[in-house]
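> quick one, fold the following:
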Amino acid sequence: MIRSIMPVSALLALIAAAASPASAQPDSGLQTFFTENVGLSQAQIAAIGSGEPVAKTLPARTPAEVFLFGAVYIEAAPESYLRLVHDFERLRRVPSYLALGVFTQPSQLSHSHGFSFDSDDTRALRKCKPGDCLIQMPASTIEELQ
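Down below sits the predicted model:
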């Protein structure tokens, strides 16, 4: 799953890179994409153009899905950015990364090595209800966990 998300994430970041902080507004095609396809406000588009990151949760088809959009201006050649995001060993050393892993097809239990819940997370899971849970998961999974 991560493998299919990575190219989309990289594409979105590269699209956002076209919104140069030196200009007050991104080009019209990008502005149209941001407003019509993502639903960003003019203030959010201006924030991207100013070099600030913007994130937005998008509507999902079912409660089991999560759709996120993120954009940030990156002052680098697209090739440099792509080299960085594919250098997992280097990214693991970045202090702000809590965890980084790659899921292959088919996924394996070993892919989640190092993933854990703290005691607050575990207590919160006990109170989960379908459509009202901090962790988005299918109702059947919530029932199994409880």
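> closest to the mean position in this protein, which residue would that be?
Nearest residue to the geometric centre of the chain (C-alpha atoms, centre = their mean): Leu68, 5.4 Å.
> ok, the residue nearest to that residue when sequence neighbours are not counted - contacts?
Excluding the flanking residues, the one nearest Leu68 by C-beta to C-beta, 6 or more residues apart in numbering is Thr57, at 6.0 Å. Heads up, the C-betas are built off the backbone N, CA and C, glycines and all. Thr57 makes contact with 66-69, according to C-beta atoms under 8 Å, 6 or more residues apart in numbering.
> tell me which stretches of this structure form strands.
Taking DSSP state E as the criterion, the chain carries its strands at 54-58, 67-71.
> any weak-confidence spans in the protein?
Counting by pLDDT under 70, the chain contains low-confidence ranges at 1-27.
> 80 instead, please
Applying pLDDT under 80 to the chain picks out residues 1-28, 62-65, 97-102, 111, 113-117, 131, 134-137, 145-146.
> which residues of it fall in helices?
Ranges of helices in the chain, per DSSP state H, are 2-17, 28-32, 42-49, 78-85, 88-92, 119-126, 139-145.
> closest to Val102 out of those?
helix 2-17 (5.7 Å; C-beta to C-beta).
> could you pull out the buried residues of stretch 63-77?
Neighbour counts over stretch 63-77 (16 or more other C-beta atoms under 10 Å) mark 69, 71-73 as buried.
> could the residues you listed go into CSV alongside distance to Thr141?
What follows is the buried residues of stretch 63-77, written out as CSV (distance: C-beta to C-beta, whole Å):
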residue, distance to Thr141
Phe69, 25
Ala71, 31
Val72, 32
Tyr73, 37
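> and which of the residues you listed is nearest to Leu30?
Ala71 (9.5 Å).
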